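Q: The sequence and its predicted three-dimensional model are supplied below.
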Amino acid sequence: MGRGIGVPTTLSVDEELNMLHEHLRRLKIEYEIFFNNPTKRPPADVEWRVQNLLRKFSDGVRMNFAQRYRYNEMAQRYAIQSDLWRKKLRIREEGYRRPQDAVLSVQGAGGGTQPQEARPVYGIGKSAKEAEPFSIQCSDADGERTQIESLYKALNQAKQNSGEAMAGSFDSFAAFVKKKTGEIRKQHGCDSVVYSVEMHNGHAKLKAKAKK
């Protein structure tokens with residue numbers, strides 16, 4: 001029998017998130033080329049692909065905790081960059097009216113200037129500065145291995161996005177969480193411990209606090 005023709009290939013959530021990551025990387029490059037070359041047009045096709053994937057996963061229904069954390073990070077990054085691109089485009093179209101406009105116009109899209117507050121992105125409803133950290137609640141590390149694995153993946157994803165070294169093996173991470181949970185519960189007399197992955201000054205941090 002011959003091969004089927006025109007049968008669409010279904011991609012997994014992780015594969016589509018990888019595609020979104022690649023489109024974002026390409027979009028940043030294309031905008032840098034555009035702002036440095038007056039004959040170029042804005043990369044509307046690449047931006048459409050980015051926006052289409054962001055809309056597709058905006059409800060978070062299909063994603064697990066680690067995937068949702070990764071999606072939120074990319075969506076917020078796009079919110080910040082697109083806000084800057086719109087400002088640079090407006091300056092390019094209207095001309096330089098203030099000294100700071102000239103400074104902004106020559107900076108790369110990933111440069112030091114960032115908007116005061118990024119616009120909300122598809123279903124998230126928060127600015128990049130207000131993005132909620134990924135978190136889990138742990139009371140019995142041995143019986144909550146799935147949650148700890150999600151925390152481990154979220155931490156490594158955050159470290160990867162910020163260019164930091166990974167968090168080591170999962171077994172050593174799980175052992176650390178088990179030990180830390182026991183110590184905090186004993187010290188504070190609490191029932192459980194909340195672990196969260198947060199970004200501070202461009203670095204991924206794992207934080208733990210008692211929850212009574």
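A: Structure's in. What do you need?
Q: quick one, phi psi at V194?
A: phi -100, psi 120 (degrees, to the nearest 10).
Q: Provide a list of residues in contact with it.
A: S135, I136, Q137, C138, A208, K209, A210, K211 (CB atoms under 8 Å, 6 or more residues apart in numbering). Where you see a C-beta, it was placed from the backbone N, CA and C, and this is true even at glycine.
Q: The last one reaches V193, doesn't it?
A: Pointing back at K211 there. Yes: the pair K211 / V193 is scored as a contact, 6.4 Å apart, by CB atoms under 8 Å.
Q: tell me the domain boundaries of this protein?
A: The record's domain parsing of the chain by automatic domain parsing lists 13-127, 133-211.
Q: In terms of mean pLDDT, which of those domains ranks lowest?
A: Ranked by mean pLDDT, the domains of the chain bottom out at domain 13-127, which scores a mean of 73.
Q: now that domain: how far from the chain's centre is it?
A: 12 Å (CA atoms, centre = their mean, to the nearest Å).
Q: Just the CA trace of the helix or strand hosting S172, in PDB.
A: Assigned by DSSP states H and E, S172 falls within helix 170-188. Output of helix 170-188 as PDB, limited to C-alpha atoms (Å, rounded to 0.1, in the frame of the first residue of the first chain):
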ATOM      1  CA  PHE A 170      16.800  14.600  39.800                       C
ATOM      2  CA  ASP A 171      17.600  12.100  42.500                       C
ATOM      3  CA  SER A 172      19.900  14.600  44.300                       C
ATOM      4  CA  PHE A 173      17.400  17.300  43.900                       C
ATOM      5  CA  ALA A 174      14.600  15.100  45.300                       C
ATOM      6  CA  ALA A 175      16.900  14.200  48.300                       C
ATOM      7  CA  PHE A 176      17.500  17.900  48.900                       C
ATOM      8  CA  VAL A 177      13.800  18.700  48.900                       C
ATOM      9  CA  LYS A 178      13.100  15.800  51.300                       C
ATOM     10  CA  LYS A 179      15.800  16.900  53.700                       C
ATOM     11  CA  LYS A 180      14.800  20.600  53.500                       C
ATOM     12  CA  THR A 181      11.100  19.800  54.000                       C
ATOM     13  CA  GLY A 182      11.900  17.900  57.100                       C
ATOM     14  CA  GLU A 183      14.100  20.600  58.500                       C
ATOM     15  CA  ILE A 184      11.600  23.400  57.900                       C
ATOM     16  CA  ARG A 185       8.600  21.400  59.300                       C
ATOM     17  CA  LYS A 186      10.600  20.700  62.400                       C
ATOM     18  CA  GLN A 187      11.900  24.200  62.800                       C
ATOM     19  CA  HIS A 188       8.500  26.000  62.300                       C
END
